[in-house]
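Student: Next input, structure requested:
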Amino acid sequence: MWPILTKWAKDRDDKECNTLVNLSDTLATKFTTGNDDDALLHALTSSELVNEVGQAANIIKAFDAAHHDNPTFCYWRQYMNPVSILLRFTSAIREGKWNLYLSSFSEMLPYFAAFDHSNYTRWGIIFLADMKMLPQTAPEVQQAFERGDFVTKETASTFNQIPDDQALEHVNKSGKVAGGLVGITRTDSARDRWCLIYNERAKLSEDTKEMFNVLESAKDLGKARIRQDAEDVAKLEAQFTKYEVFRCTSDLVVVTTGDVASNAIKQDLLGVEDTSKKVIKEFVETRLIKKETKFHDTLKQQKVKTFETLYTVPVSVDKSKTIAMKADKDLLRRVIVALESGRDVDVTTLLQSELAPVPKSLATLDGSLREAVKSDLGTILQGNVCKS
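Tutor: The predicted structure is shown next:
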C-alpha cells in the first residue's frame, strides 16, 4: 500500500509528502545504527522523528478518509489491523514485553467475539481483568512479568522467548525421539521405569547440550528463516499487485474471482470492528458489572457473513433443520485443467448438462436421493394421457 499512499500524497501536492516518502528510510537507518537498546530508544523518541511520524499518521488518516467510499479498499485496510495486532503480539512474546502483550491481547478480544470464539471471548476478558489488577493483588508477580518472566528464554540470543507451554513441549521432545516413550507404551513395566526417570533424563540431556554448546539456536533469526520470510513477503506483494487489492470499486469485490459481495456480506465485513466492540462492552456490563445475565450463559452467535457465504446455499434437510451446502466449484476447475492439458473435451456438449456430482432431479446437493411417494408417479402418468 505504501507506493499507492506516496503517489496519492504527491498527486495532492501535500507539503508533508517528502516527510512521508523518506520516513521508511529514516526508520530503517535509526534501527540499523542503534548500538544498544538505550541508544535505539533515544533515537526513536527524538522530537524530530516523533513529529515526522505524527505528520505521516495525519496523511494516512486523510488517505483513508479520501477512500471511505471504496468498499474493497476499506476491507483490505481493515484486514491490515488484525495482522498488525498479531505482529505486535508475537513481538511482545519474543522480547518479553508485558505491557505490549496485554495491549495486543486486548485488541484481539473484539475479533474473538465477532467470529464466535466463545471460550476465548469469555475467559479472555477475565484474564485481562485479572492481569490489570496484579499491581494491587500481587505486586511481586507484576514486577516479575514486567521483567519478562511471563515467557521462557532458553539461550542468550535475542528475540527467542516463547510461552511456558511451548517451552514445556521442548522438554517433552526428548520423550518422543529415539530412546523415548514411543514404542514401549504397551509394556507396563518399561513404561513405569521410563516415567520414573523421565525428568532426570530430560535434565541430563539439556545439561549435556549446554556443556558442549550445542543448544538449538533461534530459528526466527537464522539466515534461512530470514531469507524464507523475505521470499514470502515478495510473493505476497506480487499477488497483491497482480490482483490490485487496493483497486477503486463501488462494491465489495472478491479480488481473485471478481465476484461482488451482497449488501449483507458487505455490511457485516466492513462493520465487524464496531459490532464486536459492542459485544465486548455488553458482555462486561451485563455479566460482570450489573450481573443481569449469568456469566456462564450461552453467548449469542454473531454469525458474521463472509465471502464464503456467497458460495453456500441453504438446504432443508427436514421440517426442523436447515443446513448450508457449499457449491462444488471443483468440477469446473477439472474441466479447465483437462482443456489446458490438451485432452479432447467437447465443452459445448459438456455444458448442456449440470456441472454437479449428482443429477439435481434425482438427488439433493448432499448426494442423498430425493424422497417421493409412489402414488405421485401414477398421477403424473395419468396427467399425460389424452382423454378421448
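Student: Residue 335 reaches residue 350, doesn't it?
Tutor: Yes: with contact defined as C-beta atoms under 8 Å, residue 335 reaches residue 350; the gap is 6.7 Å. Any C-beta I mention is one placed from the backbone N, CA and C, and that applies to glycine too.
Student: quick one, which of those two is more surrounded?
Tutor: Taking neighbours as other C-beta atoms under 10 Å, residue 335 and residue 350 compare with residue 335 leading, 16 against 11.
Student: Check what pLDDT the more buried one gets.
Tutor: What the model reports for residue 335 is a pLDDT of 73.
Student: for residue 36, same thing?
Tutor: At residue 36 the predicted local confidence, pLDDT, stands at 61.
Student: swap in the one 3 residues further on?
Tutor: Listed pLDDT for residue 39 reads 63.
Student: tally of neighbours for residue 257?
Tutor: Neighbour count for residue 257, taken as other C-beta under 10 Å: 12.
Student: One more: residue 125?
Tutor: By the criterion of other C-beta under 10 Å, residue 125 has 20 neighbours.
Student: ok, now residue 244?
Tutor: 13.
Student: State the distance from it to residue 272.
Tutor: Distance, residue 244 to residue 272, by C-beta to C-beta, to the nearest Å: 23 Å.
Student: go on, residue 118?
Tutor: Residue 118 sits 16 Å away from residue 272, going by C-beta to C-beta.
Student: Neighbour count for those two, which is higher?
Tutor: In this view residue 118 and residue 272 are compared by other C-beta under 10 Å, and residue 272 has more residues nearby, 22 against 13.
Student: Tell me the pLDDT of that one.
Tutor: pLDDT at residue 272 comes out at 91.
Student: Wait, it touches residue 112, no?
Tutor: No: Residue 272 is not in contact with residue 112 according to C-beta under 8 Å; the separation is 11.9 Å.
Student: could you pull out the strands for the stretch 251-388 of the chain?
Tutor: For the stretch 251-388 of the chain, the strands defined by DSSP state E, counting those that start in this stretch cover 312-318, 321-326.
Student: worst average pLDDT in those strands?
Tutor: strand 321-326 (a mean of 62).
Student: Now do the same contact list for the spatially closest residue to residue 148 that is not a sequence neighbour.
Tutor: Spatially, and ignoring its direct neighbours in sequence, residue 148 is nearest to residue 96 (2.8 Å; C-beta to C-beta, 6 or more residues apart in numbering). Going by C-beta atoms under 8 Å, 6 or more residues apart in numbering, residue 96 touches 147-151, 153, 161.
Student: and what of residue 66?
Tutor: Counting by C-beta under 8 Å, 6+ apart, residue 66 has contacts residue 8.
Student: Skip the chain neighbours and tell me the closest residue to residue 134.
Tutor: Leaving out its chain neighbours, residue 134 is closest to residue 142 (C-beta to C-beta, 6+ apart), at 4.0 Å.
Student: For the one you found, what is the enclosing helix or strand?
Tutor: helix 139-146 (DSSP states H and E).
Student: Only alpha carbons, please: show the very next helix or strand once past that helix as PDB.
Tutor: Downstream of helix 139-146, the next assigned helix or strand under DSSP H and E is helix 164-173. What follows is helix 164-173, C-alpha atoms only, in PDB (Å, rounded to 0.1, in the frame of the first residue of the first chain):
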ATOM      1  CA  ASP A 164       5.800 -21.600  29.000                       C
ATOM      2  CA  ASP A 165       3.600 -24.200  27.400                       C
ATOM      3  CA  GLN A 166       5.700 -24.200  24.200                       C
ATOM      4  CA  ALA A 167       8.900 -24.400  26.300                       C
ATOM      5  CA  LEU A 168       7.500 -27.500  28.100                       C
ATOM      6  CA  GLU A 169       7.000 -29.100  24.600                       C
ATOM      7  CA  HIS A 170      10.700 -28.700  24.100                       C
ATOM      8  CA  VAL A 171      11.300 -30.800  27.200                       C
ATOM      9  CA  ASN A 172       8.700 -33.300  26.100                       C
ATOM     10  CA  LYS A 173      10.500 -33.600  22.800                       C
END
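Student: I'd like the distance from the following helix or strand past helix 164-173 to the chain centre, please.
Tutor: Sequence-wise, the next helix or strand downstream of helix 164-173 (DSSP H and E) is helix 188-211. Centroid displacement of helix 188-211 relative to its chain, using C-alpha atoms, centre = their mean, to the nearest Å, is 38 Å.
Student: thinking residue 153 is in contact with residue 161, fair?
Tutor: Yes: counting by C-beta under 8 Å, residue 153 does reach residue 161; the two are 4.8 Å apart.
Student: Give me the more crowded residue out of those two.
Tutor: Taking neighbours as other C-beta under 10 Å, residue 153 and residue 161 compare with residue 161 leading, 22 against 16.
Student: Who are the contact partners of the nearest residue to the more buried one once chain neighbours are set aside?
Tutor: Setting aside the residues directly before and after it, residue 161 is nearest to residue 151 in space (C-beta to C-beta, 6+ apart), at 4.2 Å. By C-beta under 8 Å, 6+ apart, residue 151 lies in contact with 93, 96, 161-164.
Student: if you set the cut-off to 6 Å instead, what comes out?
Tutor: By C-beta atoms under 6 Å, 6 or more residues apart in numbering, the contact set of residue 151 is 93, 96, 161, 163.
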